[in-house]
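Chemist: next one to model:
(one chain, ligands or ions: 1)
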Amino acid sequence: MDQEQAQNRISELRQQLNEMAQAYYESDQPIAEDHIYDGLYHELVGLEEAYPDLVTSDSITQKVGGQVAAGFTKIIHDSPMLSLGNAFNLEDLQSFEGRIKKLIDEPIEYMCELKIDGLAVSVKYENGQFVQGATRGDGKVGEDITANLKMVESIPAKLNEPLTMEVRGECYMPKSSFVRLNEEREESGQAVFANPRNAAAGSLRQLDSAVVGERQLSTFMYAVANQGDLDVASQEQGLNALDELGLATNHERKVCQSIDEVWEYVQHFQDERPNLAYEIDGIVIKVNNFEDQEAIGYTVKAPRWAIAYKFPAEEAET
Ligand SMILES: NC(=O)c1cnc(N)c2cc(Br)sc12
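Modeler: Predicted structure coming up:
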């Protein structure tokens, strides 16, 4: 089923369910057996989960007891969760370095990290206790998914130090969990997820956090939003500090001394991609030294000191 077919079926189901609900709640004349209503409702929930972009706040699945559920409360991020400029070839990476060299005199060191194909999340700790989890949303305002992120094993309820800080990363579904989940959905007649990213997004949007616990989601944390109690001078030190605190970071990272070395890393992981336990859609390259990052600064919507190299789209499997 493609997105258009899903949209058509979702509209059909919403129409039918709204009519049944109206008849039941307002005229007390149920027009369908409960099990028919439940079956259609279950199909709609499954489709909305598989196609999270098609969920609308007025959908009957977002209502609890006839009222539109608030869903998730909104969280205004202390600092914007930024996006990244893109690079598609070596020339783009060399231009990225050229722009930086206009601002920084000394030699530049890069940190290369895998670009995880999941859902960006913010995780807040107070005195070492996990207190709030949120989606990126539009970068400024996200959704409070604290209850759901508590069900993700790789997010510790308590840090190894009583620190107060906000950490950002990617929540993802491993390839193996994605295959198993779709097999289960296929068997139970539910719509399957198109890819692990949609499966992770659909799972994290669940109002019932117990469902999240069944989905084997995981995380790789990659940034400290406000240094808070952390005393680190580079991305490399920052990631090592997150490891020591008990947070999950991706260990395929590499400090590179030149764009040529970055390019070798990019080519290596473009080949390695099928062998990874999780989906990646590129490589994030950052200036490693935090003082250099500050000197280089930001454009309106993205850091100047980082760029995302995007892998070419994979040929469809024949
Ligand atoms: N390691 C990283 O910085 C990283 C990994 N995976 C991602 N999807 C993203 C997105 C941004 Br924005 S940064 C980043």
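
Chemist: where's V211, which helix or strand?
Modeler: helix 209-213 (DSSP states H and E).

Chemist: can you show me the CA trace of whatever helix or strand comes next after that helix as PDB?
Modeler: Following helix 209-213 in sequence order, the next helix or strand is strand 218-226 (DSSP H and E). Output in PDB follows, covering the C-alpha atoms of strand 218-226 (Å, rounded to 0.1, in the frame of the first residue of the first chain):
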ATOM      1  CA  SER A 218      17.400   2.500  20.900                       C
ATOM      2  CA  THR A 219      19.300   5.800  20.900                       C
ATOM      3  CA  PHE A 220      22.700   7.300  19.900                       C
ATOM      4  CA  MET A 221      23.300  10.600  21.800                       C
ATOM      5  CA  TYR A 222      25.500  13.100  19.900                       C
ATOM      6  CA  ALA A 223      25.300  16.600  21.500                       C
ATOM      7  CA  VAL A 224      25.100  18.400  24.800                       C
ATOM      8  CA  ALA A 225      22.700  21.300  24.300                       C
ATOM      9  CA  ASN A 226      23.800  23.200  27.300                       C
END
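
Chemist: give me the contacts around strand 218-226.
Modeler: Identification of contacts with strand 218-226 by Cβ atoms under 8 Å, 6 or more residues apart in numbering yields 77-79, 81, 113-114, 116, 118, 121-123, 152-155, 165-174, 230, 232, 238-239, 241-242, 247-250, 278, 284. From N, CA and C alone the C-beta is placed, and that goes for glycine too.

Chemist: keep only those residues that also lie close to the ligand.
Modeler: Applying Cβ under 6 Å from any ligand atom to the contacts of strand 218-226, one finds that 113, 116, 170, 284 fall near the ligand.

Chemist: which residues touch the helix or strand harbouring the first one?
Modeler: Translated: E113. According to DSSP H and E, E113 maps onto strand 110-116. With contact meaning Cβ under 8 Å, 6+ apart, strand 110-116 is reached by 170, 172, 220, 222, 234-236, 239, 250, 252-257, 259, 261-262, 265-266, 269, 276, 278-288, 308-310.

Chemist: out of the ones next to the ligand among the contacts of strand 218-226, who has the most neighbours?
Modeler: I116 (26 neighbours; other Cβ atoms under 10 Å).

Chemist: give me the nearest residue to that one, chain neighbours excluded.
Modeler: Nearest residue to I116, sequence neighbours excluded (Cβ to Cβ, 6 or more residues apart in numbering): E170, at 4.0 Å.

Chemist: so what sits opposite that neighbour in the bridge?
Modeler: Using DSSP bridges, the bridge partners assigned to E170 are A120, F220.

Chemist: list the contacts for it?
Modeler: Contact partners of E170, counting by Cβ under 8 Å, 6+ apart, are 116, 118-121, 219-220, 222.

Chemist: kindly give a single PyMOL line that selects the buried subset of the residues you listed.
Modeler: This is how PyMOL selects the buried members of the contacts of E170, with burial counted by 16 or more other Cβ atoms under 10 Å:
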select buried, resi 116+118+119+120+121+219+220+222
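
Chemist: between the contacts of E170, which sits nearest V179?
Modeler: Distances from V179 to the contacts of E170, taken as Cβ to Cβ, are shortest for G118 (16.1 Å).

Chemist: which element is M81 on?
Modeler: Assessed by DSSP H and E, M81 sits outside every helix and strand.

Chemist: just to revisit the earlier point, got the confidence number for the residue nearest to I116?
Modeler: Per-residue confidence (pLDDT) for E170: 98.

Chemist: interface residues of this structure facing the ligand?
Modeler: Contact residues (Cβ under 6 Å from any ligand atom) of the chain with the ligand: 82-84, 113, 115-116, 120, 170, 222, 284.

Chemist: tell me the pLDDT of the residue in the stretch 151-300 of the chain that the ligand sits nearest to.
Modeler: Nearest residue of the stretch 151-300 of the chain to the ligand, counting by Cβ to the nearest ligand atom: Y222, 3.4 Å away. Looking at Y222, its pLDDT is 98.

Chemist: ok, now E317?
Modeler: 52.

Chemist: oh, and call the first residue 49 from now on, that's how I've got it
Modeler: Sure, I'll start counting at 49 from here, so that last one is E365.

Chemist: relative to the whole chain's centre, how far out is stretch 277-291?
Modeler: Taking Cα atoms, centre = their mean, to the nearest Å, the mean C-alpha location of stretch 277-291 is offset from the chain mean by 22 Å.
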